[in-house]
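[1] sequence and predicted structure are below.
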Amino acid sequence: MNKLLLILIALVSLHAIGAENAWLGPDKSKWPDTEFRKTKNDFAAFLLVTPDTDWEKKWNTPPDTIPYFKEARTAKVGDELVILTFFVNPKTDESGNANVICRVKTIRPNGTVSVDTNDIPCMKEKLLGNPNNIRLSPAIIKFVGEKADPLGKWLVEVEVEDVNRKTLLQLKTYFVLEGKGG
């Protein structure tokens, strides 16, 4: 079951919310944190599994264009999925540099680890633009369901750490790999 997600909905200005651990929806309502979307100490991150193989084209648009991505909860053998991690409002040091690190782990249905990466530099540079702009982590995972892959629920765990803020967000999501369709 795919549904359209508006990334901007989940990652708008945290300062406008006025509450810890809340997200601002398109109707200005507050959303609670979830396993895949978290806020802590004015830092936020969002994890998305999408079947949109054109995600890069959707992302690289003018600032006034809102990118829409589909969410994937299931995939068939042969399908391609992309796991994207977004973050908002990294704290800067006295030189104006942000320092965000990501760790990514995917776990197969049989409990074995497919991907396990540590300390990926997601942003280690001068912060340009509004801190509340949505930023895409370079820790992007592409998944293709192969015949040899175990069928069932694949877990995705991502840690996004704002080193300057000393804040760690632990995100989780999943997708189910099913047999080849008819």
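    Yep, that arrived.
[2] now residue 144: closest residue in space, sequence neighbours ignored.
    residue 80 (5.0 Å; Cβ to Cβ, 6 or more residues apart in numbering). C-beta coordinates here come from the backbone N, C-alpha and C atoms, glycine included.
[3] now residue 35
    Counting by Cβ to Cβ, 6+ apart, residue 35 lies nearest to residue 172, which is 4.3 Å off, once chain neighbours are set aside.
[4] quick check: that neighbour is in a helix.
    No: Residue 172 is assigned strand when assessed by DSSP: H, G, I helix; E, B strand; the rest coil, not a helix.
[5] report the residue spans of the protein with pLDDT below the cut-off.
    Across the chain, residues meeting the criterion (pLDDT under 70) sit at 1-31, 181-182.
[6] same thing but at 90, please
    Low-confidence segments of the chain (pLDDT under 90): 1-33, 42, 61-68, 119, 129-134, 139, 179-182.
[7] all helices for it, in order.
    For the chain, the helices defined by DSSP state H cover 7-10, 55-59.
[8] what's the neighbour count on residue 164?
    Neighbour count of residue 164, defined by other Cβ atoms under 10 Å: 17.
[9] that one reaches residue 91, doesn't it?
    Yes: if you go by Cβ atoms under 8 Å, residue 164 and residue 91 touch, sitting 4.2 Å apart.
[10] list the buried residues in stretch 121-128.
    Going by neighbour count (16 or more other Cβ atoms under 10 Å), the buried part of stretch 121-128 is 122, 123, 127.
[11] who touches the residue lying closest to residue 97 once chain neighbours are set aside in this structure?
    Nearest non-adjacent residue to residue 97, counting by Cβ to Cβ, 6+ apart: residue 126, 5.4 Å away. Residue 126 sits next to 92, 95, 96, 97, 98 when contact means Cβ atoms under 8 Å, 6 or more residues apart in numbering.
[12] spit out the contact partners of the closest residue to residue 138 other than its chain neighbours.
    Distances taken as Cβ to Cβ, 6+ apart place residue 122 nearest to residue 138, at 6.2 Å, with adjacent residues excluded. The contact partners of residue 122, taken as Cβ under 8 Å, 6+ apart, are 85, 87, 100, 101, 102, 137, 138, 139, 160.
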